[in-house]
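Peer 1: Just to be clear, the model below is a prediction. Sequence and coordinates:
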Amino acid sequence: MKIDRLFVFGLAFALVATNAFAAAPTAADLYKSKCQSCHGPDGKATTIGKKLGARDFQDPDVVSMSEEDLAKITTEGKNKMPAYKGKLKEDQIKALVKYIKDMK
């Protein structure tokens, strides 16, 4: 009887843990939900984004920025871009910046 309860508890824990990890958004998911409306699906600023001052990620000035610079802008915001401090975790911001830097 005790083993049955332990098994059921272990199985329930495994299911909850699996769902929690499966629900974590990827950098691509974060980009689509947080950045794409202004920076575009390919890193080229949208019409609305350009009106708000969004830059193309292929712009030489943006390309030359370090990951730390981009993380700071993402965390603190800049001009009309909102700050994501408190909205995204530090590791999510780092993953998002790497995703952006890898856009070509």
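Peer 2: Yes, it's here.

Peer 1: which residues of the chain fall in helices?
Peer 2: Remark: helices assigned in the chain by DSSP state H are 2-22, 27-34, 36-39, 47-52, 60-63, 67-76, 90-102.

Peer 1: what sits up against the fourth one?
Peer 2: Put plainly, it is helix 47-52. For helix 47-52, the external contacting residues (CB atoms under 8 Å, 6 or more residues apart in numbering) are 37-40, 79-81. (C-beta placed from N, C-alpha, C; glycine too.)

Peer 1: Got a PyMOL select line for the buried ones in these?
Peer 2: Listed next is the PyMOL selection for buried residues among those, using 16 or more other CB atoms under 10 Å:
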select buried, resi 38+39+40+81
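
Peer 1: And the contacts of helix 47-52, which is closest to residue 103?
Peer 2: residue 39 (9.0 Å; CB to CB).

Peer 1: tell me the contacts of the closest one?
Peer 2: Residue 39 is in contact with 45-46, 49, 54-57, counting by CB under 8 Å, 6+ apart.

Peer 1: Fine, thanks again, bye for now.
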